[in-house]
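>>> predicted model and sequence follow; I will ask about them next.
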Amino acid sequence: MKKIFSTKMGFFSITLLLFWIKTYLIYKTQFDLGVSGSMQEFLLFLNPLSSGLIFLGLALFSKGDKIGKRIIIMYVIMSFILYANVVYYRFNSDFITFATLMQTDNFGSLGGSILDLMAPYDILFALDLVLLIVLYRRIKPNWSIERMKMRKPLAILMVGVIAFTVNLNLAEEDRPQLLERTFDRNYLVKYLGMYNFMIYDAAQSVENSTQEVLADSNDITEVQNYTKAKYAKPNEELFGVAKGKNVIKIHLESFQSFLIDYKLNGEEVTPFLNSLVHDQNKNFTYFDNFFHQTGQGKTADAELIMDTSLYGLSQGSAFSTKADNTYQALPAIIDQQQGYTSAVFHGDGKSFWNRDNIYKNLGVNKFYYDSYYDMSEENTINYGLKDKPFFEESVPYLKDLEQPFYAHMMTLTHHHPYLIDEDEATIEPAKTGDPSVDRYFQTARYLDEALEQFFKDLKEAGLYKDSVIMIYGDHYGISENHNRAMKEITGKEITPLKNAELQRVPFMIKIPGVDGQGVNHEYSGQTDVMPTLLHLLGIKAQDYILFGTDLFSKDHKEFVPFRNGDFVTPKYSYVNGIFYDNESKKKISEPTEDMLKTKEKALHELELSDKVLNGNLLRFYTPNKEWEPVDTSEYFYPEKKVTDKEETDEKE
């Protein structure tokens with residue numbers, strides 16, 4: 001036995017076995033793949049085998065004296081890919097795709113967040129590599145320098161291909177149309193494995209990149225027919241009621257709705273936002289069943305959805321990969337039809353998420369980024385400018401904007417890993433033992449205080465009373481990786497349905513001269529915001545390709561698809577391939593025909609949106625006579641010019 005394992009094939013077999021065991025254990029302990037049933041469990045165990053046979057088997061084609069080194073190099077690469085996905089999954093509950101790797105410009109500001117996601121026990125993931133290196137050094141002297149006969153590595157690859165074929169066929173039996181009709185990467189990894197998913201993902205990326213070249217004007221017709229059929233007529237009493245009013249849209253970073261009215265140790269976490277929700281004068285309408293619909297693009301997806309009523313891409317972010325597309329976005333539409341000046345305010349670098357490029361295609365007139373703010377050490381933390389100085393320094397810029405204006409204010413402090421200076425924390429952290437969850441409430445309180453002061457400043461500047469004010473959460477802040485801590489916070493088991501319910505984010509709106517509704521319980525999502533605002537401004541949403549419907553319309557569709565193909569409705573939800581009754585929280589074993597049709601509708605809607613983005617189909621569509629395609633050469637976002645007075649102040 002010792003002699004066998006001292007051979008090249010013996011070393012390969014040991015490496016394959018270690019890879020197989022390591023991958024399976026990481027699947028089981030680090031990812032929540034929703035495995036159910038003996039077949040899925042078997043496939044999860046089986047799928048690392050084909051990857052190991054094929055990728056490690058490639059090293060066997062090397063010269064005799066290089067086989068060991070190349071097996072180890074391949075093992076290191078595969079282990080790194082696996083661990084990178086572990087860290088990525090801890091916050092995103094998702095897997096790295098080719099598209100996300102194209103967003104490397106964003107990684108520079110993620111250092112603190114990545115370190116926070118790493119755990120001390122992660123060092124255990126490298127022990128197998130140390131063992132392999134020690135073993136290799138001991139047995140290498142016994143090896144000949146001759147190249148291995150071709151039939152052995154070819155046989156290994158053939159076995160790997162057979163193992164993958166068996167794996168794929170069994171997966172297709174358990175999950176029909178696995179590769180054709182799924183947006184959920186959990187399914188692909190669960191059934192096919194991490195490495196086979198990467199190959200599939202690369203192929204999908206190539207296919208998506210060719211869609212624009214092959215697309216023509218006929219491809220937009222199906223999308224147009226679908227959105228026209230889904231259209232909801234405006235509420236006649238509200239149509240045009242906000243025409244000519246300023247619009248201030250406040251983006252709450254990583255803010256989930258469970259924070260509203262939540263008390264930590266008997267103390268309200270967000271007293272100011274709570275006061276807006278429960279205002280006796282009902283200035284605001286608060287939608288408590290409003291869900292984010294973002295994917296891998298997170299914040300960038302939220303921006304895209306809110307201003308275009310399109311979904312983000314199934315992989316990566318349109319902000320990064322589809323910045324040069326033709327868009328018919330809210331800033332451009334209200335500028336062309338009603339002369340609105342649009343501006344984005346964000347205390348970070350202008351190139352983060354490629355904003356300085358895509359904003360031009362969205363028709364954003366002005367972009368106030370880090371060079372416009374005091375980015376001193378005391379004013380910044382984590383991802384950039386703290387929320388309190390951000391709002392304070394933004395007010396003068398708001399006052400200078402030509403009216404009417406559409407202003408998008410993006411907060412930053414309440415972002416993972418939720419860092420805050422000790423002297424600025426005005427509420428004690430939670431005590432779950434999970435640092436990210438515990439600090440989450442402190443940065444939420446800080447954001448709430450920043451908002452309260454901003455409202456006071458708006459009133460003092462004369463901008464509050466006559467402005468539409470929208471407040472919304474962009475995406476979840478606490479991922480499924482923190483379910484243990486969230487069980488303590490919510491007092492309930494975090495089931496798949498409960499996790500879907502936690503994807504609620506706030507959306508509230510104040511309309512000048514219109515009494516708010518208080519709390520509105522309609523089910524809605526981020527795609528619904530653009531058609532709502534268009535109708536409030538007196539612009540026909542029916543002219544445009546929009547996947548949402550007016551929140552105030554009697555015909556509003558209470559159907560909210562998520563980016564992975566799941567969806568929620570008032571009565572039932574579809575999560576991880578299972579239907580649930582919302583009231584009883586129980587699984588529905590025999591879904592009705594209506595439920596199955598809604599499932600197909602969700603997938604179809606996502607596919608149509610992907611076609612629009614991947615095929616750049618809006619270049620073939622003219623919504624009305626007033627519309628003119630955005631000319632990006634007319635947009636420029638210069639660095640702030642420092643005046644002589646500011647230079648003098650800095651020297652002093």
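Good, I have the coordinates.
>>> please count neighbours and contacts with C-alpha atoms only from this point.
Will do.
>>> quick one, what contacts Lys386?
347, 379-380, 411-413 (CA atoms under 8 Å, 6 or more residues apart in numbering).
>>> what's the closest of these to Pro623?
Checking the contacts of Lys386 against Pro623 by CA to CA gives Thr411 as the nearest, at 32.9 Å.
>>> distance from the chain centre to stretch 228-247, please.
On the basis of CA atoms, centre = their mean, to the nearest Å, stretch 228-247 sits 28 Å off its chain's mean C-alpha point.
>>> oh sorry, the question was meant for stretch 626-645
With CA atoms, centre = their mean, you get 28 Å for stretch 626-645.
>>> ok, and what's touching it?
Contacts for stretch 626-645 (CA under 8 Å, 6+ apart): 326-328, 332-333, 336-337, 356, 360-367, 371-372.
>>> I'd say Lys298 and Gly477 touch.
No. In terms of CA atoms under 8 Å, Lys298 does not count as a neighbour of Gly477; the distance is 10.1 Å.
>>> the nearest residue to Tyr311 once chain neighbours are set aside: how many residues sit nearby?
Setting aside the residues directly before and after it, Tyr311 is nearest to Ile305 in space (CA to CA, 6 or more residues apart in numbering), at 5.6 Å. Residues near Ile305, counting by other CA atoms under 10 Å, number 27.
>>> before we move on, what about Lys586?
By other CA under 10 Å, neighbour count at Lys586 equals 12.
>>> also the one 5 residues further on?
For Pro591, the neighbour count with other CA under 10 Å is 13.
>>> do the one 3 residues further on as well
Each residue near Asp594 was counted by other CA under 10 Å, and the total is 9.
>>> circling back: can I get the contacts of Lys386 in TSV including secondary structure and pLDDT?
Shown next, in TSV, are the contacts of Lys386 (DSSP: H, G, I helix; E, B strand; the rest coil; pLDDT from 0 to 100):
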residue	secondary structure	pLDDT
Gly347	coil	95
Asn379	helix	96
Thr380	strand	94
Thr411	coil	97
Leu412	coil	96
Thr413	coil	96
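>>> of those residues, which pair is most distant in space?
Among the contacts of Lys386, Asn379 and Thr411 lie farthest apart (CA to CA), at 13.4 Å.
>>> neighbour-wise, which of those two wins?
Thr411 (26 against 15).
>>> for that one, what are its contacts?
By CA under 8 Å, 6+ apart, the residues touching Thr411 are 250-253, 346-347, 386-387, 390, 447.
>>> same thing with Gly297?
Per CA under 8 Å, 6+ apart, neighbours of Gly297: 312-313, 316-319.
>>> now do the same for Thr648: its pLDDT.
The score at Thr648 is 43. That number is its pLDDT.
>>> got it, and Leu117?
80.
>>> Tyr83 versus that one, what's the distance?
Plainly put, Leu117 is 12 Å away from Tyr83 if you go by CA to CA, to the nearest Å.
>>> more neighbours: which of the two?
Neighbours per residue, other CA under 10 Å: of Leu117 and Tyr83, the larger number sits with Tyr83, 19 against 16.
>>> after the helix or strand where that one lies, next one along is what?
Under the criterion of DSSP states H and E, Tyr83 resides in helix 67-92. Note on helix 67-92: by DSSP H and E, the next helix or strand toward the C-terminus is helix 98-101.
>>> counting contacts, what elements does that next one pack onto?
helix 194-214 (3 or more CA pairs under 8 Å, 6 or more residues apart in numbering; DSSP states H and E).
>>> which residues touch the helix it packs on?
Under the contact criterion CA under 8 Å, 6+ apart, helix 194-214 has outside partners 48, 51, 82, 97-99, 188-189, 611, 614-617.
>>> in that helix, what's buried?
Within helix 194-214, the residues scored as buried using 16 or more other CA atoms under 10 Å are 194-198, 201, 204-205, 208, 211-212.
>>> roughly how far out does that helix sit from the chain middle?
Between the centre of helix 194-214 and the centre of its host chain there is 19 Å, according to CA atoms, centre = their mean.
>>> just the contacts of Thr411: which are in strands?
250-252, 346 (DSSP state E).
>>> mark which of the contacts of Thr411 are buried, thanks.
250-253, 346-347, 386-387, 390, 447.
>>> and which of those residues is nearest Pro512?
The nearest one, if we look at the buried ones among the contacts of Thr411 relative to Pro512 and count by CA to CA, is Ile250, at 16.4 Å.
>>> my guess is the closest one meets Tyr406, correct?
No. Taking contacts as CA under 8 Å, Ile250 lies outside contact range of Tyr406: 10.9 Å.
>>> pLDDT weak spots in the stretch 101-250 of the chain?
For the stretch 101-250 of the chain, the stretches flagged by pLDDT under 70 are 102-113, 180-183.
>>> mind listing the strands for it?
Counting by DSSP state E, counting those that start in this stretch, the stretch 101-250 of the chain has strands at residues 246-252.
>>> can you give me the helices in it?
Using DSSP state H, counting those that start in this stretch, the helices found in the stretch 101-250 of the chain span residues 111-117, 127-139, 151-174, 185-192, 194-214, 219-230.
>>> again, but for the stretch 451-600 of the chain
483-490, 496-501, 529-536, 593-614.
>>> about what we covered before: which of the contacts of Lys386 lies closest to Ile545?
For the contacts of Lys386, the nearest to Ile545 is Thr411 (28.8 Å; CA to CA).
>>> report the separation between the closest one and Ile260.
17 Å.
>>> over to Ala425?
18 Å.
>>> those two: who's more crowded?
Comparing Ala425 with Ile260 by other CA under 10 Å, the one with more neighbours is Ile260, at 20 against 17.
>>> does the nearest residue in space to that one that is not next to it in sequence count as helix, strand or coil?
Sequence neighbours aside, Asn274 is the residue nearest to Ile260 in space, at 6.0 Å (criterion: CA to CA, 6+ apart). Under DSSP: H, G, I helix; E, B strand; the rest coil, Asn274 falls in the helix class.
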